[in-house]
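Sequence and predicted structure below; questions after.
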Amino acid sequence: MRISTVTMFEQSLNSLASQQDKFLKIGQQISSGSRVVNPSDDPQAASRAVSVGQSAAVNQQYADARITARNSLGQEESVLNSVADAITSAKTLMVQAANGTLSDADRSSVASEIRGIYETLIGQANAADGNGRYLFGGYRDNSPPFVKDPTSGRVTYIGDTGVAEQKVDSSRLMPSSDNGLDIFMSVHSSAKYVAKENATGSVAFVGPTVVDNAATNFGDAFTIKFDGSGGYEVFSPPSAATPSSTGTYDPADPHNKNIAFNGLSLTLEGTPAVGDSITVSRAREADPNLFRAFEEALAVLDSPAGTPEEQARMRNTVSTSMRELSNALDNVLTTRASVGARLNELDVLDSVGSNRALNYAQTLSDLVDLDYNKAISEYALRQVGLQAAQKSFLDIQKLSLFDRM
């Protein structure tokens, strides 16, 4: 078979190009540190690497979301801690203000301290994060959720009832905040019963207390209405048209000071006027509102309490407000415990996410990372091969019949 000079040159060039390509490829692998520079180097490994890389990116997104959630919950926990301290201080001051030996001036002085706590609580309820978003406004976090009416002085909630959530893991959508309605204008399901009076006489109450939790209709709301002549009627529910029970109350009889109904008891003192009433209900059914409890207490503490009627009104209002503050404190502490539990959960998820990230990194390394010892050996081998191909090509160039003529 005849082998032309052109054929020999082409074969030599092809061999030279092949050796150079292999030499450059191993050089690229060493410079990049990756065994799979192009998908064609190992299609299966490249495909798996893309999938693992996407999973690692999603895992990182969850990690970033946990950082955001932790920052938000950490700020909320700090604010709730301050709120709990403020409510505790207010309760102490109200006990002091309810002391019957204080003069009106002394009581007004205590009321000034309570008002300072009240204003502080409004500020805490309108706390914002570092980005200017209000913590307790729900989805409406671009404006203060609590506003005070300039005419009535009442604080109302204008925020949203929703709760912002963060996807902190593949199967966990975590609330990263709580709205102000659930914190400041709500109570826990186990909150104590409250009594509220609507009276002009001198009747004062203590309670309500639970005396029989097995009673029929235990805990259902009821209203006691006095006729001013020693008689009273009990309406349950309070809107009922006809009384569920009747009885007599004599303020001078030491054995006739308790009125019990639906398993709850009130201890009375003083003389009710015609039409006076006291309503007893579960705390969550009494339109709970932390700010209103302060407002009503401040209103009576700033007013004179010289007559028996004024003293009874002051005692009843402060008693109800203190019970409402206790319920509000329990609710704040419960919410704070929930925030703490979520922060602990984030720590656990961080640990799981870190392990997952390490696994992804190891899998990617196994798929595409370069074995430098093997690569350097192959680099040296390819270099020798390339040099041999170059020398062979040079030698072939010298072959010519003209050299033999």
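Now that the structure is in, tell me what you want to look at.

CA atoms for contacts and neighbours, from now on please.
Will do.

mind checking the SS state of the spatially most central residue of the chain?
The centroid of the chain falls nearest to residue 177 when counting by C-alpha atoms, centre = their mean (3.1 Å). For residue 177, the secondary-structure state derived from DSSP: H, G, I helix; E, B strand; the rest coil is coil.

mind listing what it touches?
72-73, 76, 135-136, 138, 163-165 (C-alpha atoms under 8 Å, 6 or more residues apart in numbering).

rerun at 6 Å
residue 164 (C-alpha atoms under 6 Å, 6 or more residues apart in numbering).

State whether residue 206 and residue 267 are indeed in contact, as I suppose.
Yes. Using C-alpha atoms under 6 Å, residue 206 is in contact with residue 267, at 5.1 Å.

Could you check how far the residue nearest to the centre of the chain is from residue 98?
Noted for residue 177: a distance of 36 Å to residue 98, by C-alpha to C-alpha, to the nearest Å.

Equivalent analysis for residue 265, please.
22 Å.

And residue 157, by the same measure?
29 Å.

what does residue 182 give?
On the measure of C-alpha to C-alpha, residue 182 and residue 98 end up 29 Å apart.

ditto for residue 186
The value you get for residue 186 to residue 98, if C-alpha to C-alpha is used, is 25 Å.

and if you look at residue 320?
Counting by C-alpha to C-alpha, the gap from residue 320 to residue 98 is 12 Å.

With residue 213 instead?
30 Å.

In terms of helices and strands, where is residue 51?
Following DSSP states H and E, the helix or strand that holds residue 51 is helix 43-97.

Show me what secondary structure element comes after that helix.
From helix 43-97, the next helix or strand downstream (DSSP H and E) is helix 104-125.

Which of the residues in that following helix are classified as buried?
Going by neighbour count (16 or more other C-alpha atoms under 10 Å), the buried part of helix 104-125 is 104, 107-108, 110-111, 114-115, 117-118, 121-122, 124-125.

Touching it from outside, list them.
90, 97, 302, 304.

want to throw the residues you listed into TSV with distance to residue 348?
Output for those, formatted as TSV (distance: C-alpha to C-alpha, whole Å):
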residue	distance to residue 348
90	37
97	47
302	51
304	57
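
can you pick the most crowded of those residues?
residue 97 (25 neighbours; other C-alpha atoms under 10 Å).

Residue 186 and residue 98 - which one has more neighbours?
More neighbours surround residue 186 than the other of residue 186 and residue 98, with 22 against 19 (other C-alpha under 10 Å).

ok, the closest residue to the more buried one other than its chain neighbours to residue 206 distance?
Distances taken as C-alpha to C-alpha, 6 or more residues apart in numbering place residue 288 nearest to residue 186, at 5.5 Å, with adjacent residues excluded. Shown here: residue 288 relative to residue 206, a distance of 19 Å by C-alpha to C-alpha.

Same drill for the two, tell me which one is more crowded.
Between residue 288 and residue 206, counted using other C-alpha under 10 Å, residue 288 has the larger neighbour count: 21 against 16.

element containing the more buried one, please.
Counting by DSSP H and E, residue 288 is found in no helix or strand.

quick one: pLDDT of it?
Note on residue 288: pLDDT of 92.

And it, its phi and psi?
The phi/psi pair for residue 288 (degrees, to the nearest 10) reads phi -60, psi 140.

I figured it hits residue 183, correct?
No. Look at residue 288 against residue 183 with C-alpha under 6 Å: they stay out of range, at 10.4 Å.

Where do the strands of this structure begin and end?
Per DSSP state E, the chain carries strands over the ranges 146-148, 155-157, 165-169, 172-175, 193-198, 204-210, 222-226, 231-235, 245-248, 258-261, 264-269, 277-282.

so the longest one versus strand 264-269, what angle?
On the basis of axes from the mean of the first three to the mean of the last three C-alpha atoms, to 10 degrees, strand 204-210 is oriented at 160 degrees to strand 264-269.

which strands and helices sit next to strand 204-210?
Applying 3 or more C-alpha pairs under 6 Å, 6 or more residues apart in numbering; DSSP states H and E, one finds that strand 204-210 contacts strand 264-269.

any idea of the mean pLDDT for the strand it packs on?
92.

How about stretch 292-300?
Rounded mean pLDDT across stretch 292-300 is 92.
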